[in-house]
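Undergrad: I need the structure of the sequence given here:
(one chain, ligands or ions: 2)
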Amino acid sequence: MTRFAERVLRDGCASAHALADDSGQSAPMAVCALTHDNALRVRFWGTRGSTPVSGPEFLRFGGNTPCVEIRCGKRLFVVDAGTGLPFFGASPEAELPSEIDILLSHFHLDHIGGLPFFKPAILDPGCTIHTWTGHLDGGDARDPLDRVFSPPTFPLQLDSLPARFVHHGFKAGEPLTFRDGMVVRTHPLNHPGGATAYRFDHGGRAVCYVSDLEHRDPWPDPGLAAFVQDADLVIYDGMFSSQEYQPCQGWGHSTWEKGVELCQAAGVKALAIFHLYPGHDDDLLLAREAEIQKVMPSAFIPCDRQAVAYHPICMRDSDSLADATGRLKVANG
Ligand SMILES: [Zn+2]
Ligand SMILES: [Zn+2]
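TA: Ligands and ions are numbered 1, 2, ... in the order given. Predicted structure coming up:
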């Protein structure tokens, strides 16, 4: 087990991806304190694909479906609204602004099921929640969400909640420019009905969210490789191993091996295997993480609530953790 994995187990969260292997050698990238005001930060609130899981065999990695908090400095983005979203909303550390952007990969239930249980939506009439949708050829989320969240499948519609919802549609591949000038790049994904990948660039760092997708020839896909090029972290739909994949072909999901191939071809520094298969328990995932790290030592399988942070490369100050190359020294454990 790597030191990183040990620290995740001890703390329940970690301030970086893989730091050092068992030989004590540093991984290519190191880390910074989570508290740095201008860091690019990621927190995983749900990492499970398809359906949530619960039980003693899932305590370590968790069971909520996709939701990831991204902070570019203090600027918040939420990617996907799975069952992890309510836990983010209820967190005392959430520091939620009055306008919240939720970037949706697509509308499969595991990616939207937490939306009506998001605390600001239920309790804050002063909150505006913006949804962003890229896989409907410019269409937005209003009608699809109204179909899901309305009787008889749900007691009310989102518009009945105290918060105000504003829905935005775009075409995956277009960059998104937000009201404060922030820009997020997007890319279309191969998934039944389509899905959208997002790339967050901040302070010379980059984090990409690439789920859900199924790989296809040629691989690595040149467009996707260009999209994730040189990123510090790619969050990738590695639901299966290549051994498991055959009977699941066409379901719209990929393998951890294809994630490694993509990242290694594109100079990506770290890989988070995401959209975990509901049947994979803690023991299997721990063994799988060790297997993945044999070919990509900085790859990891994130746990619910785990956090990763990247210090801005361009910033140098008296208490900076960065060295001259922009690499970072290890923060307190
Ligand atoms: Zn999914
Ligand atoms: Zn899906």
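Undergrad: name the residues of the stretch 201-333 of the chain found near ligand 2, please.
TA: Proximity of the stretch 201-333 of the chain to ligand 2 is confined to residue 212 under the rule Cβ under 5 Å from the ion. For glycine as for every other residue, the C-beta is placed from the backbone atoms N, C-alpha and C.
Undergrad: spit out the contact partners of the residue of the stretch 1-150 of the chain found nearest ligand 2.
TA: For the stretch 1-150 of the chain, the residue closest to ligand 2 is residue 108, as judged by Cβ to the ion, at 3.5 Å. Going by Cβ atoms under 8 Å, 6 or more residues apart in numbering, residue 108 touches 193, 212.
Undergrad: any idea of the pLDDT on it?
TA: Among the per-residue scores, residue 108 holds a pLDDT of 98.
Undergrad: and what of residue 241?
TA: 98.
Undergrad: for it, which non-adjacent residue is closest in space?
TA: Once flanking residues are discounted, residue 241 sits nearest to residue 255: 5.8 Å by Cβ to Cβ, 6 or more residues apart in numbering.
Undergrad: tell me, how many residues neighbour the one you found?
TA: Residue 255: 22 surrounding residues under other Cβ atoms under 10 Å.
Undergrad: what bridges to it?
TA: residue 240 (DSSP bridges).
Undergrad: now the helix or strand in which residue 291 is found: how far from the chain's centre is it?
TA: Using DSSP states H and E, residue 291 sits in helix 282-295. Centre-to-centre, helix 282-295 and its host chain are 19 Å apart (Cα atoms, centre = their mean, to the nearest Å).
Undergrad: likewise for stretch 137-145?
TA: 22 Å.
Undergrad: same question, stretch 68-84
TA: Put simply, stretch 68-84 sits 8 Å off its chain's centre (Cα atoms, centre = their mean).
Undergrad: in that stretch, what's buried?
TA: The neighbour-count check on stretch 68-84 (16 or more other Cβ atoms under 10 Å) flags 68-72, 76-84 as buried.
Undergrad: that stretch close to ligand 2?
TA: No: if you take Cβ under 5 Å from the ion as the test, stretch 68-84 misses ligand 2, and the best it gets is 10.0 Å.
Undergrad: so where do the strands sit in the stretch 201-333 of the chain?
TA: Remark: strands assigned in the stretch 201-333 of the chain by DSSP state E, counting those that start in this stretch are 205-210, 233-237, 271-274, 307-310.
Undergrad: in CSV: those, plus mean neighbour count and mean pLDDT.
TA: Formatted as CSV, the strands of the stretch 201-333 of the chain follow (neighbours: other Cβ atoms under 10 Å; pLDDT from 0 to 100):
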stretch, mean neighbour count, mean pLDDT
strand 205-210, 26, 98
strand 233-237, 28, 98
strand 271-274, 27, 98
strand 307-310, 24, 96
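Undergrad: so who does residue 205 touch?
TA: Applying Cβ under 8 Å, 6+ apart to residue 205 gives the contacts 40, 232, 310, 311, 312, 313.
Undergrad: those residues: which ones sit near ligand 1?
TA: Answer for these near ligand 1: none qualify (Cβ under 5 Å from the ion).
Undergrad: among the buried residues of stretch 68-84, which pair sits farthest apart?
TA: Pairwise distances across the buried residues of stretch 68-84 peak at 24.7 Å for 72 and 83 (criterion: Cβ to Cβ).
Undergrad: what is the burial count for the residue of the stretch 151-300 of the chain found nearest ligand 2?
TA: At 3.9 Å from ligand 2, residue 212 is the closest residue in the stretch 151-300 of the chain, using Cβ to the ion. Number of residues near residue 212 (other Cβ under 10 Å) recorded here: 30.
Undergrad: would you map the helices across the stretch 151-300 of the chain?
TA: With DSSP state H, counting those that start in this stretch as the criterion, the stretch 151-300 of the chain has helices at 222-228, 242-245, 256-265, 282-295.
Undergrad: distance from the chain centre to the third one, please.
TA: For helix 256-265, the distance from its own C-alpha centre to the chain's C-alpha centre is 17 Å (Cα atoms, centre = their mean).
Undergrad: how big is the angle separating it from helix 282-295?
TA: Calculated by axes from the mean of the first three to the mean of the last three Cα atoms, to 10 degrees, helix 256-265 forms an angle of 30 degrees with helix 282-295.
Undergrad: flag every buried residue along helix 256-265.
TA: 256, 257, 258, 259, 260, 261, 262, 263, 265.
Undergrad: same question for the second one.
TA: Of the residues in helix 242-245, residue 245 count as buried by neighbour count, 16+ other Cβ under 10 Å.
Undergrad: now do the longest one
TA: Buried positions in helix 282-295, judged by neighbour count with 16+ other Cβ under 10 Å: 285, 286, 288, 289, 292, 293.
Undergrad: what's it packed up against?
TA: helix 3-11, helix 256-265, strand 271-274 (3 or more Cβ pairs under 8 Å, 6 or more residues apart in numbering; DSSP states H and E).
Undergrad: try 7 Å this time
TA: With contacts taken as 3 or more Cβ pairs under 7 Å, 6 or more residues apart in numbering; DSSP states H and E, helix 282-295 sits against helix 256-265.
Undergrad: for the third one, same thing?
TA: Contact partners of helix 256-265 among helices and strands, from 3+ Cβ pairs under 7 Å, 6+ apart: helix 222-228, strand 271-274, helix 282-295.
Undergrad: all set, thanks.
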